[in-house]
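**Q** When you get a sec, could you give me coordinates for this:
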Amino acid sequence: MLTAHPVPGKVKAVDICNAFIKGAPANAQGDCFFGVNHGNLAPYLRAKALGRDWYYIDNSFFDQYRHTYYRVTKNALQCKGTEPSTGERFQQLGVEIKPWREHTGNDILVCAQNDNFMATAVGYKGNWTKDTVRKLQAMNLPYRIRVRPWNPDKVKTGKILLEDLGNLHLLVTHSSASAITAMLEGVPAISESGAARVHTGPLTLESVLRPPRPETREQLAWALADNMWTLDEIRAGKAWAWLNRSK
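**A** Next comes the predicted model:
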C-alpha cells in the first residue's frame with residue numbers, strides 16, 4: 001500500500017499527497033510526504049530505516065511556478081540535478097537563464113532555512129544559519145554578511161529576493177530554491193546540499209573569494225524541470241511513471 005503522511009493541519013499537503021496516490025497503480029508500495037516536520041517525522045524516519053520507497057513532494061524549484069508545479073522525488077529530498085534531459089520540458093516553462101553578471105556587489109547573503117525542516121527532514125544538529133555566519137566571519141572577508149530570515153510566505157520572499165540580488169557578491173544557502181533563483185539571474189550562489197550542490201561546490205574560502213559561475217546551469221535547469229509536475233499531471237500518474245521508469 002502507498003500511504004500518505006502529509007504535514008498535519010495543512011490542507012494543501014493532504015490534497016497533493018492524495019493526488020499522488022491517485023496517480024499511482026493500485027499495487028503501489030511506499031510512503032508519500034509533502035513536507036516533513038515533527039508531526040510526520042516518525043513515519044519519515046521509519047520508512048528510511050526499513051528501506052521502504054518514499055516519495056517527497058514540495059514546492060516548485062522555480063519561484064515563478066510556486067502553487068502551479070510541485071517537485072517530486074523518490075528516496076530523496078531533491079533530485080540530483082545532473083540527470084540527463086532533452087530540455088524540452090524546461091523550454092516549455094519559458095524560464096530565462098540570464099548571463100553571469102560581470103560586476104558583483106559587496107554583500108554575501110545567507111538565506112536561512114526552516115529550522116523545523118533542518119532538524120527533522122535533514123537531521124542537522126545545531127543552527128545552520130548561525131553556524132554558516134560564524135564560518136564566514138572566521139574567513140575575515142572584505143564583504144558585508146547579511147541574513148535573510150526564513151519566511152513561510154514564499155511568494156513575498158521570492159519578490160524580495162530579486163531585489164536583494166542587486167548588490168550581491170554571493171548567495172549562500174543550505175538547499176533552498178534561492179540558490180537556483182540566484183544562479184538563473186546570473187548571480188553566484190553556493191548551495192551546501194540539494195540539486196544545485198554538485199554545480200556550486202562547497203562553501204570554502206576559495207569559493208567565496210572566487211564565486212562559482214558553472215557552465216552547467218542549463219543542465220541543472222533541465223533536470224529540475226523534468227522533476228516537477230502540475231497537480232493535474234500528478235493526479236494523472238505522470239510523476240509516478242517518471243520516477244519509476246526503467247533507466
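
**Q** which residues in this protein form strands?
**A** Shown for the chain, the strands assigned by DSSP state E span residues 2-4, 30-34, 54-59, 69-74, 107-111, 144-148, 168-173, 189-191, 228-230.

**Q** tell me what the third one is packed against?
**A** Packed against strand 54-59, as judged by 3 or more Cβ pairs under 8 Å, 6 or more residues apart in numbering; DSSP states H and E, are the following elements: helix 11-22, strand 30-34, helix 41-50, strand 69-74. C-beta coordinates here come from the backbone N, C-alpha and C atoms, glycine included.

**Q** ok, 10 Å please
**A** strand 2-4, helix 11-22, strand 30-34, helix 41-50, strand 69-74, strand 228-230, helix 238-243 (3 or more Cβ pairs under 10 Å, 6 or more residues apart in numbering; DSSP states H and E).

**Q** and these, which is most packed in?
**A** Of these, the one with the most neighbours on average (mean count of other Cβ atoms under 10 Å) is strand 30-34, at a mean of 23.

**Q** pLDDT of that strand, averaged?
**A** In this model, strand 30-34 has an average pLDDT of 96.

**Q** which residues are contacting the helix or strand of the chain with the lowest mean pLDDT?
**A** When the helices and strands of the chain are compared on mean pLDDT, DSSP states H and E, helix 154-164 comes out lowest with a mean of 76. Helix 154-164 is contacted from outside by 59-60, 62-64, 66-67, 105, 107, 109, 111, 146, 148-151, 153, 168, 171, 176-178, 181-182, 185, 187, using Cβ atoms under 10 Å, 6 or more residues apart in numbering.

**Q** From those, keep the buried residues only.
**A** 59-60, 62-63, 105, 107, 109, 111, 148, 150, 168, 171, 176-178, 181-182, 185, 187 (16 or more other Cβ atoms under 10 Å).

**Q** Can you lay out the helices and strands packed on strand 54-59 as a markdown table showing distance to Gly94?
**A** Converted to a markdown table, the helices and strands packed on strand 54-59 look like this (distance: least, Cβ to Cβ, whole Å):
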| stretch | distance to Gly94 |
| --- | --- |
| strand 2-4 | 32 |
| helix 11-22 | 24 |
| strand 30-34 | 26 |
| helix 41-50 | 35 |
| strand 69-74 | 12 |
| strand 228-230 | 14 |
| helix 238-243 | 20 |
